[in-house]
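Student: Sequence and predicted structure are below.
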Amino acid sequence: MKKIIMLITMAIIVMACNKNGTSIKVNKNKERFELMAEYPHEKERRLSLFLQNSFKQDSRLLRQDLAIGKEVKLANGAVFYMRHNPRKLELEMLKAKNNAVGYQFFDEFVQGIKRVLN
């Protein structure tokens with residue numbers, strides 16, 4: 001009986017330590033607006049579909065290699081840095097490089113990512 005309880009306890013500990021959870025960190029200050037997200041593999045498809053819908057006008061963007069990170073300039077005037085690897089997404093927007101339209105797009109974009117990954 002003690003062995004069964006130990007095995008169950010060990011299984012629970014292993015599952016709790018497994019990094020299949022979602023972590024989303026958003027940071028806003030005077031100079032920049034950042035998002036860092038780590039998420040399970042199962043959410044990759046939903047995020048990819050969201051990115052495709054968000055960048056319909058700028059579809060060439062998703063054909064680029066975003067694993068190393070790129071500065072993204074959209075048709076609506078938004079300028080930000082993006083790095084996308086499996087299970088990890090990083091975004092950073094410098095407020096000095098954007099106007100009100102770009103900032104509003106980025107804010108809505110971040111909120112959409114949070115909805116998709118939660």
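Tutor: Yep, that arrived.

Student: got the contact list for residue 85?
Tutor: Residues near residue 85 by CB atoms under 8 Å, 6 or more residues apart in numbering: residue 67. For glycine as for every other residue, the C-beta is placed from the backbone atoms N, C-alpha and C.

Student: Can you tell me the closest non-neighbouring residue to residue 83?
Tutor: residue 69 (3.7 Å; CB to CB, 6 or more residues apart in numbering).

Student: was I right about that neighbour contacting residue 80?
Tutor: No. Residue 69 lies out of contact with residue 80 (CB atoms under 8 Å); the separation is 10.9 Å.

Student: of those two, who's got more company?
Tutor: It is residue 80, of residue 69 and residue 80, that has more neighbours when counted by other CB atoms under 10 Å, with 25 against 14.

Student: next one: phi and psi at the residue nearest the centre of the chain?
Tutor: In the chain, the centroid-proximal residue (CA atoms, centre = their mean) is residue 89; its distance is 3.6 Å. The phi/psi pair for residue 89 (degrees, to the nearest 10) reads phi -140, psi 130.

Student: just residue 115 next, same as before
Tutor: With angles defined as degrees, to the nearest 10, residue 115 sits at phi -60, psi -40.

Student: Can you report how many residues lie near it?
Tutor: 10.

Student: Against residue 97, how distant is it?
Tutor: Counting by CB to CB, to the nearest Å, the gap from residue 115 to residue 97 is 26 Å.
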